[in-house]
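K.L.:
Please find the sequence and the predicted model below.
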Amino acid sequence: MSEFILETPRLRLREITDANVEELFAIWGDAATLLYFPQPIDRAGMRDWMARNQTRYEQHGFGLWAVIRKADEQFVGDCGLTIQDVDGVAELEVGYHFNQHYWGQGYATEAARACMDYAFQQLGRERIISLIRPENMPSRRIAERNGMTVEKETIRVGLRHLVYRLEK
């Protein structure tokens, strides 16, 4: 098992491994979770996503991490950092995807805050963003609870997104 990268009062974040494929597919294969994504993902797509995420770990030292609830060691979602091209600028994004059984419990807010703190304190970043579809009110609330504000709008994969940002 991978060592933990980050820890919060209720959660531990560690690298995603092949052992997490079914837990991730339960999230990425769920229509409610993917309501604001351009297309669903199948198991082959999930494995491709995991390979890209592993490359992020190797190239940058970060990516999306498994979020484990301390109380029972349950995998509840993923959260972490990725580099995104936003209008020709490489931006550090905090992103998250949680199993809908764990929505509304503050886990995404807690995990995202830990990742943002890591970006500022450990990586020395001055700013972090989140790309969020305007109609995705739950994700917008998570960003806002963590102090992020809308900087601008952009188009990604043909869809309108808000660029939320927070500066150190």
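P.N.:
Ah, there it is. Numbers count the residues shown, from 1 in each chain.

K.L.:
Contacts only, for D30.
P.N.:
For D30, the contacting residues are 99-100, by C-beta atoms under 8 Å, 6 or more residues apart in numbering. The way it works is simple: take the backbone N, C-alpha and C, and place the C-beta from them, glycine included.

K.L.:
three-state assignment of it?
P.N.:
Here D30 is recorded as coil under DSSP: H, G, I helix; E, B strand; the rest coil.

K.L.:
Kindly report the same for the one 10 residues further on.
P.N.:
At P40, secondary structure determined by three-state DSSP is coil.

K.L.:
Spatially nearest residue to it (excluding sequence neighbours)?
P.N.:
Spatial nearest neighbour of P40, chain neighbours left out: L34 (5.4 Å); criterion: C-beta to C-beta, 6 or more residues apart in numbering.

K.L.:
Please name the residues that touch that neighbour.
P.N.:
Counting by C-beta under 8 Å, 6+ apart, the residues that L34 touches are 28, 40-41.

K.L.:
What is the nearest of those to Q121?
P.N.:
W28 (29.7 Å; C-beta to C-beta).

K.L.:
quick one: the closest one from V157, how far?
P.N.:
16 Å (C-beta to C-beta, to the nearest Å).

K.L.:
Look at the two and report which has more neighbours.
P.N.:
W28 (20 against 8; other C-beta atoms under 10 Å).

K.L.:
so what's the residue lying closest to the more buried one once chain neighbours are set aside up against?
P.N.:
Among residues not flanking W28 along the chain, I41 sits closest, at 4.5 Å (C-beta to C-beta, 6+ apart). Shown in contact with I41 (C-beta under 8 Å, 6+ apart): 25, 28-29, 34, 49.

K.L.:
So which one of those is the model least confident about?
P.N.:
Within these, L34 has the lowest pLDDT, namely 77.

K.L.:
From what I see, A143 and I129 are in contact.
P.N.:
No. Counting by C-beta atoms under 8 Å, A143 does not reach I129; the two are 9.2 Å apart.

K.L.:
which residues do the two both contact?
P.N.:
Common contact partners of A143 and I129 (C-beta under 8 Å, 6+ apart): Y164.

K.L.:
Can you tell me the strand partners of the strand ranked longest in the chain and which way each runs?
P.N.:
The longest strand of the chain (DSSP state E) is strand 74-86. Strand pairing for strand 74-86, determined by DSSP bridges: strand 64-69 (antiparallel), strand 89-98 (antiparallel).

K.L.:
Appreciated, that's everything.
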